Each structure stands twice: as structure tokens, then as C-alpha cells.
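Peer 1: Pasted the sequence and its predicted model underneath.
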Amino acid sequence: MKTNLLSLFLVFLTLGCSNSEDLEFVNDQNADLSFKNLIQQTQNNPITDIELLSQYEKVMIEVLKMSKSQGFRQYIFEQALEQKGGDYDVYIDDIVSKHKGNTNFDKSVSSLKQLSSQIKTKSDGLRPLVFYPKAETLQEKVKLKSFNAKNDLNEPIVVLRDVYEKDYSSPGFTLDANDELVFNRMVTEEDAWQNDVYVIGEEENVPYIVDPCLNQPQAIIECGGGGGGSPTPTTRTDGRAEYGGNVQVIDMNAIEHWTAGKFEFRMIIAGIQGTASTIIRDIKYPKRARRNFKDRKWYSYGIFLFNWNTSNLGQFNIEKWMEIDGKNENVTTTISFPAQNGNPGISVAVKSDKRDEDLGLSIVQFTDPLTTVYGISYMNFKRN
């Protein structure tokens, strides 16, 4: 009878509890699972190589051991702020180089050096790193002169990159008395922005893009912008200067999970020039911090696209967006569009990486009001 009552209670709990209660129930279930078992049971887990998973487990252990030192936590924060690869990342190789010869970290440094070499061998040379999401929050505190290292840099919880459940939360781990990983809690993006969470994983295979023309008031002059306006804020006139890169992210984690850091967007505009089909613009935008897109805020990269002369560029073009996750362009994507200006229905091809996220496309017509919002998958875009 007790067993039946217990079963009924668990069913009722599962069906009737709130999201927070659901998470607490998951936490209870995870408490007795080993690191490997928990990672393997997580819904999204890209690491299928057990040996590689074991190597990352050891990296996490050594990083947590070193993180007991306030000085090490300060080092991670300072290095993260440098954003060497465009994000709040600290490479394991740099940790090894910096702390080599420090007797307090001899064993950890030796172990990390060996583990980094093994991981790079298994990951086609991609380097393991520590990503520190809270650095984005603390960076603002530094600007406001309210940062206090002793209070703001605490011993972290660690998560494995790109490992997460349906609600985008990731299992977080700390050390027990025997320096073994034990489950601590499910970590959300908001949690990681406010608390000390170190994400361990491999770097993204994304080129570090710097474009001085983006987000500069003088971009029209310095970056090939053109003249030509409209008589009203809602209508185009022939030859008008067209601007793009205005986006609203509807679901940040669906595009790029929070453990992977900043967004790296690519915008492709396909259409005709004269009588030939072509890629009119193909722009890979620099990394941008996630706070810019939080709460569905509109964000503008503010870049000139072209002067829309309908005699040359036709009555419409197609705008496609992607989120870049690699630089080995080994996948061909075809963009097709109907006939215009005497040009038959044709298509053009663009190269992308198999790991890139295709966010969709939409036709932008010359006659569309300038207030038009174009919805594609997990984001919206507009022109101005």
C-alpha cells in the first residue's frame, strides 16, 4: 500500500508542480549519479567519446582545485576580460603557461598540460578553455567602480560546454572531500550571469572578426555608404541608401546555447545585379555580447548595405541569417528566388560550415514599408 501511495504521489508531483519544483525534483534525481552517467543522460550531449569525456572531467577537477585560490580566480577574471578570442574565454594552455613553476599548482599544471594535449589531438587541434559568463556582468561593475574582487569572485561551479537539458539548463558540479566531481545544481543562463560558473569545453572554430565600420557614427563615410533618402519614414524611393543588421532574438539559447558565449551572426543578401543572380552582401559580424539581445531587445549592427536602384537590383532581394559555429566551409546552401527584371527564376549558392545554425530567410520587397519586421525561426530582422 505504501508503495502504491508513493507512486501516486510521484505522479502527482510530476504533473502538478511548477517549473522550479520540476528543477528541484531533477536535482534530487541527479544527486546520486556519477559525472559520466549524468552527462550521458543529459538530453543534449555532443561528447560521445568516453575517453574525451573522462579527460574533460579531469580538467574540471584540476580547475576547481586551482579555483580554491583567490589569486587564481582573479587571474581567470582578468584574462576573461581581455577577450583574446572575442569572448570571455581563458585557454587551458595559457593557464599552464602562467602558473608553470608555481609550487602551489605543480600537480594541477602538469595534469592540465597533458590533458590539453590529449584533448587537442582528439578535437582536430581545437583548444580546451574556461569560459566565464559572469565576466560580462562584472565588466559593467568594473565600469561603475562597484567591483570588489573579494566579494565578487567566489569558488565556482563548473559545467561542460554544450551539454544541456530541454529547458537549456546545464548540470553543474563542485568537488567533494575527495576531490571528485559531484552534482551541485542545474545551472541556467541567468544563474551563470549572476554567480561564479566556469564553463569547460573546446573553443569554437570561428574566425575572430574585427570590422571598424560596424557601430561607428562615421560608418557611412568610411565604409562605402551612399546617399539617398525617403520622403517619409515608412517608404523607399529609388536609389535610397539601404541599411541592415537590425535584429531581435526571440530565443537566445535556441540559436546559441549560453555555454557557447557570444553570438556570431552572418547575414547574406541574394538577388540580382543587372541581369545576373548574385550574392549582393555577405557579412560575418563580429562577436556580440548576449546582454545586447536579452529580453528580446532590438540590436543594430548599423551597417550600410547598398543604394537600392531598382533598375539594377530589382524589386526584391532575399535576406538570410546564420549563426556561425565553424570556419571550415564544407556545406553548400542554395538560395532560390523567382523571376524579376526579365531574369528567370534562379538560385545562388553560399558556403557554410556543417555546424552553422541556419536561421532562415525572408524576401524583402522594395515596396515593403520600412517598418516591416521579417520573422525567421528564432529571430526577427528589419531594414532602415
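Peer 2: It's in. Numbers count the residues shown, from 1 in each chain.
Peer 1: C-alpha only now, for contacts and for neighbours.
Peer 2: OK.
Peer 1: tell me the helices in the protein, going along the chain?
Peer 2: 2-16, 19-30, 35-41, 50-66, 70-82, 92-99, 106-122, 134-143, 149-152, 189-194, 219-222, 252-255, 310-313 (DSSP state H).
Peer 1: Kindly reformat these as JSON lines containing mean neighbour count and distance to D295.
Peer 2: What follows is the helices of the chain, written out as JSON lines (neighbours: other C-alpha atoms under 10 Å; distance: least, C-alpha to C-alpha, whole Å):
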{"stretch": "helix 2-16", "mean neighbour count": "11", "distance to D295": "28"}
{"stretch": "helix 19-30", "mean neighbour count": "14", "distance to D295": "19"}
{"stretch": "helix 35-41", "mean neighbour count": "16", "distance to D295": "29"}
{"stretch": "helix 50-66", "mean neighbour count": "19", "distance to D295": "31"}
{"stretch": "helix 70-82", "mean neighbour count": "18", "distance to D295": "24"}
{"stretch": "helix 92-99", "mean neighbour count": "17", "distance to D295": "33"}
{"stretch": "helix 106-122", "mean neighbour count": "17", "distance to D295": "36"}
{"stretch": "helix 134-143", "mean neighbour count": "17", "distance to D295": "15"}
{"stretch": "helix 149-152", "mean neighbour count": "12", "distance to D295": "25"}
{"stretch": "helix 189-194", "mean neighbour count": "16", "distance to D295": "12"}
{"stretch": "helix 219-222", "mean neighbour count": "14", "distance to D295": "28"}
{"stretch": "helix 252-255", "mean neighbour count": "17", "distance to D295": "9"}
{"stretch": "helix 310-313", "mean neighbour count": "17", "distance to D295": "36"}
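Peer 1: Quick one: closest of the ones you listed to N384.
Peer 2: N384 sits nearest to helix 219-222 of all those, at 13.4 Å, using C-alpha to C-alpha.
Peer 1: circling back to that earlier point, may I see the helices of the chain organised as JSON lines, with mean pLDDT added?
Peer 2: Converted to JSON lines, those look like this (pLDDT from 0 to 100):
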{"stretch": "helix 2-16", "mean pLDDT": "39"}
{"stretch": "helix 19-30", "mean pLDDT": "52"}
{"stretch": "helix 35-41", "mean pLDDT": "95"}
{"stretch": "helix 50-66", "mean pLDDT": "98"}
{"stretch": "helix 70-82", "mean pLDDT": "97"}
{"stretch": "helix 92-99", "mean pLDDT": "98"}
{"stretch": "helix 106-122", "mean pLDDT": "97"}
{"stretch": "helix 134-143", "mean pLDDT": "94"}
{"stretch": "helix 149-152", "mean pLDDT": "94"}
{"stretch": "helix 189-194", "mean pLDDT": "96"}
{"stretch": "helix 219-222", "mean pLDDT": "38"}
{"stretch": "helix 252-255", "mean pLDDT": "96"}
{"stretch": "helix 310-313", "mean pLDDT": "92"}
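Peer 1: of all those helices, which lies closest to V163?
Peer 2: helix 35-41 (7.2 Å).
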